[in-house]
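J.: I need the structure of the sequence given here:
(chains A and B)
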Amino acid sequence: MYRYDEFDAQFVRERAEQFRGQVARRISGELTEDEFKPLRLMNGLYLQLHAYMLRIAIPYGTLSARQLRKLAHLTRKYDRGYGHFTTRQNLQLHWAQLPRVPDMLVELAEVEMHCIQTSGNSVRNISADPFAGAAAGELEDPRILSEILRQWSTLHPEFSFLPRKFKFCVIASDEDRAALLIHDIAIKVIRNDSGELGYRVYVGGGLGRTPYLALEIGSFVAKPDILAFCEAILRVYNEAGRRDNIHKARVKILVHQIGIEEMRRRVEAEFIEIKKTGVLELPAEELARIGAYFADPPFETLPARCEAFEAAKRSHSDFADWVKTNVAPHKMPGYAIATLSLKPIGKTPGDCSSEQMDAIAALMNTFGQAEIRVTHEQNLVLPHMRSSDLFALWQKLVPLELATANHGLVTDIIACPGLDYCDLANARSIPIAQAIAKRFADLERQHDLGELKIKISGCINACGHHHVGHIGILGVDRKGVENYQILLGGSGAEDASLAEIMGPGFDTEGIVDAVENVIGTYTDMRQKGERFLDTYRRVGAVPFKERLYAR
Amino acid sequence: MQILTANRLKLGEVAYWNQGRWVSRLDEAELMSGAVAEAALKGAGEFVRSGEIVAPYLFEAHETAGRTVPVKVREAVRAAGPTVRTDLGKQADLGKKTDLGEKTGLGKKTG
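T.: Okay, the predicted model is just below:
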């Protein structure tokens, strides 16, 4: 895991003290609200419906046990005993009090964390594959490049006032667990025909009111050139992106306005100019230095098959159910990747209590896990579990409500905070997620339905990724009343696609029936082995619409 | 009718205007008509400058059976707290003193 050097540590501490001064000047009246707002946003502090919300950056979704314990402490001491993990692998605290936020930032700095660039028109927290360093078939740890991008983009003077926010994502596997193509710049580590590792770069993805999947702009960017290439994209965007209309200011709009060919031409021209200077060439030594922070933990040589693990599955069907969905293959024999579901039936997706955070940190120590990962699906991942420890882990997770066996199933729902908390929302998301989860709680039924990703947003800004849900739900305000539209056929995985809207929306009661109706069409029409998404893609929207709106 | 609302600067807590002062409960808010409401909103600038409140605006509400009921769900949620955490926000402090949740179809504990 990356460790701050003295410069990083000092900078983050000073930044917290700088914010303390700004808060004091705001409270004393020396700063007006208009002057103060951009300062608080630079530190990830929003004003929401009931209180301030502090968004804490979790770089590429990786946390140490020490950091998780600090987050538990912060939620307990300064907030209301819980935090909310987001689709950008961050943590949000919903009940922050302005005078105490500087102390929160100081405490975060103690564990090498901060809230810088979690808001505002800057390069946001870099997201990455939550299975980084653990997944079978991965070419290299995507967090190496993520960390380099983080260092390059943090307080980058040229890109501190972009037309709009800017999101990066990096993966290094063919399986996409990070919703790669919905990012402004999406980077996939690939190997070319000569066997060299490099980067395929995509640009212009994003959701919101104008959803697009990112388009390829660099088929193979050599490792030393990646910063120059990203700088070229950002420079073109910074200069040509619209600043007159917030809804048309993202790079996706520029890319689709001028076309990917013209975008590629402009970026190439800029790239050549930057390369001439040589200043952004990434030295192999620096890549190796950062890479060393993400070296494998000392894996033991273990047999691929663990008899005790197999026996536990045979004797405990609940455990076997959990393994089926929440345990994934690891690159090393005898190891596994365990997903801790933050989606217990009827609870708030992504919420984690102070007690749960402390307990997970203790489990990390018990089972020798230096890191835990946050997923964009609002779950947590222990990346390097010995298979022989899985049963003991599961037994500890059950009483903590962290062992729900639903990863990737119909109740593993993404939901934004919605109108229960968010100032931008038009409708509530969480109660809809809870009601759907309760309706489909039966595990046998969930397994019968197979992989089914429901994603719910409480407004058009799409923090709940509804455009890439197999079933997407968008909450809207219809004359002051919550109303929910259904979209079908989206995917944020390696088979990415944007969902299509079905038709008129449903009220808070009707939306759950509507989801059941849609699922009924799937179960009636599916062929052997087909997921919901496969059936939808084969038969198209018409049968789903006909049944959904049948009179 | 309209209500003037804002959030308190320090805590971010929801506040309502009632004849010259900021109160915390929707039931205590002053229901105002057009010109009075507009004047109150204009006057709120002074309290923004003094650092008592931020982000003032007007919203629609009416009185039904002696209770103040906002037109939009948003304002019902602001007045009560998260509907999925009835132990938090104003609803927790108000306890059984209000049936706001029922009036607006919210506040039903779902989990």
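
J.: just the helices in chain B please.
T.: Per DSSP state H, chain B has helices spanning B:34-49, B:73-80, B:90-94, B:100-103. These are given in chain order.

J.: most tightly packed of the ones you listed?
T.: Of all the helices of chain B, helix B:73-80 carries the top mean neighbour count, a mean of 24, counting by mean count of other Cβ atoms under 10 Å in any protein chain shown. In this view, the C-beta of every residue, glycine as well, is placed from N, C-alpha and C.

J.: which elements pack onto that helix?
T.: For helix B:73-80, the elements it packs on are strand B:2-8, strand B:53-64, strand B:67-70, helix B:90-94, helix B:100-103, judged by 3 or more Cβ pairs under 8 Å, 6 or more residues apart in numbering or on different chains; DSSP states H and E.

J.: how about the ones you listed in JSON lines, adding distance to chain A and mean pLDDT?
T.: Shown next, in JSON lines, are the helices and strands packed on helix B:73-80 (distance: least, Cβ to the nearest Cβ, whole Å; pLDDT from 0 to 100):
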{"stretch": "strand B:2-8", "distance to chain A": "6", "mean pLDDT": "98"}
{"stretch": "strand B:53-64", "distance to chain A": "5", "mean pLDDT": "96"}
{"stretch": "strand B:67-70", "distance to chain A": "8", "mean pLDDT": "95"}
{"stretch": "helix B:90-94", "distance to chain A": "8", "mean pLDDT": "88"}
{"stretch": "helix B:100-103", "distance to chain A": "12", "mean pLDDT": "42"}
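
J.: so of the ones you listed, which one's packed in deepest?
T.: The highest mean neighbour count among those, using mean count of other Cβ under 10 Å, belongs to strand B:2-8: a mean of 22.

J.: hang on, the earlier thing: ranking the helices of chain B by mean pLDDT, which is last?
T.: Of all these, helix B:100-103 carries the lowest average pLDDT, namely a mean of 42.

J.: ok, which residues in chain A are in contact with chain B?
T.: Taking Cβ under 8 Å from any Cβ of the partner chain as the test, the list of chain A residues beside chain B reads A:26-29, A:32-33, A:47-52, A:80, A:94-99, A:346-348, A:419-421, A:425-428, A:430-431, A:434-435, A:477, A:480-482.

J.: before we move on, the earlier item: can you tell which of the helices of chain B is closest to residue A:156?
T.: Distances from residue A:156 to each of the helices of chain B were compared using Cβ to Cβ; the shortest belongs to helix B:34-49, at 33.3 Å.

J.: one step back: among the helices and strands packed on helix B:73-80, which comes closest to residue A:191?
T.: strand B:53-64 (51.7 Å).

J.: which strands and helices sit next to that closest one?
T.: Judged by 3+ Cβ pairs under 8 Å, 6+ apart, the packing partners of strand B:53-64 are strand B:2-8, helix B:34-49, strand B:67-70, helix B:73-80.

J.: ok, 10 Å please
T.: Applying 3 or more Cβ pairs under 10 Å, 6 or more residues apart in numbering or on different chains; DSSP states H and E, one finds that strand B:53-64 contacts helix A:33-42, strand B:2-8, strand B:14-18, helix B:34-49, strand B:67-70, helix B:73-80.

J.: so what's residue 53 up against?
T.: Unless you meant another one, I'm taking chain A. Listed by Cβ atoms under 10 Å, 6 or more residues apart in numbering or on different chains, the contact set of residue A:53 reads A:44-47, A:79, A:84, A:92-96, A:119, A:417, A:421-423, B:12.

J.: wrong one, chain B
T.: With contacts taken as Cβ under 10 Å, 6+ apart, residue B:53 has the following neighbours: A:33, B:4-10, B:13-15, B:17, B:22, B:44, B:46-47.

J.: closest to residue A:367 out of these?
T.: Distance to residue A:367, by Cβ to Cβ, is smallest for residue B:13 among these, at 41.5 Å.

J.: can you tell me how far that closest one is from residue A:527?
T.: Look at residue B:13 and residue A:527: by Cβ to Cβ, to the nearest Å, they are 55 Å apart.

J.: buried sites along stretch A:332-342?
T.: With burial defined by 16 or more other Cβ atoms under 10 Å in any protein chain shown, the residues of stretch A:332-342 counted as buried are A:332, A:334-342.

J.: please apply the same query to stretch A:35-55.
T.: Applying a neighbour-count criterion of 16+ other Cβ under 10 Å, one finds A:36-37, A:39-55 buried in stretch A:35-55.

J.: now the helices for the stretch 351-500 of chain A?
T.: In the stretch 351-500 of chain A, the helices defined using DSSP state H, counting those that start in this stretch lie at A:354-366, A:390-397, A:430-439, A:443-449.

J.: which one of the ones you listed is the most hemmed in?
T.: That would be helix A:430-439, which, of these, has the most neighbours on average (mean count of other Cβ under 10 Å), namely a mean of 24.

J.: for whichever strand or helix holds residue A:276, packing partners?
T.: For residue A:276, the enclosing helix or strand under DSSP states H and E is helix A:260-277. Using 3+ Cβ pairs under 10 Å, 6+ apart as the contact criterion, the secondary-structure elements in contact with helix A:260-277 are strand A:197-203, strand A:215-222, helix A:226-240, helix A:251-258.

J.: in CSV: the ones you listed, plus mean neighbour count and mean pLDDT.
T.: Formatted as CSV, the entries for the helices and strands packed on helix A:260-277 read as follows, by neighbours: other Cβ atoms under 10 Å in any protein chain shown; pLDDT from 0 to 100:
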stretch, mean neighbour count, mean pLDDT
strand A:197-203, 20, 98
strand A:215-222, 18, 98
helix A:226-240, 22, 98
helix A:251-258, 21, 98
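
J.: convert whichever strand or helix holds residue A:322 to PDB, retaining C-alpha atoms only.
T.: For residue A:322, the host element (DSSP H and E) is helix A:317-326. Coordinates of each C-alpha in helix A:317-326 appear next as PDB, following Å, rounded to 0.1, in the frame of the first residue of the first chain:
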ATOM      1  CA  SER A 317     -25.300 -24.900   3.500                       C
ATOM      2  CA  ASP A 318     -25.500 -21.200   4.600                       C
ATOM      3  CA  PHE A 319     -21.800 -21.000   4.300                       C
ATOM      4  CA  ALA A 320     -21.900 -22.700   0.900                       C
ATOM      5  CA  ASP A 321     -24.500 -20.200  -0.300                       C
ATOM      6  CA  TRP A 322     -22.200 -17.400   0.700                       C
ATOM      7  CA  VAL A 323     -19.200 -18.900  -1.000                       C
ATOM      8  CA  LYS A 324     -21.200 -19.300  -4.200                       C
ATOM      9  CA  THR A 325     -21.700 -15.600  -4.600                       C
ATOM     10  CA  ASN A 326     -19.300 -13.800  -2.300                       C
END
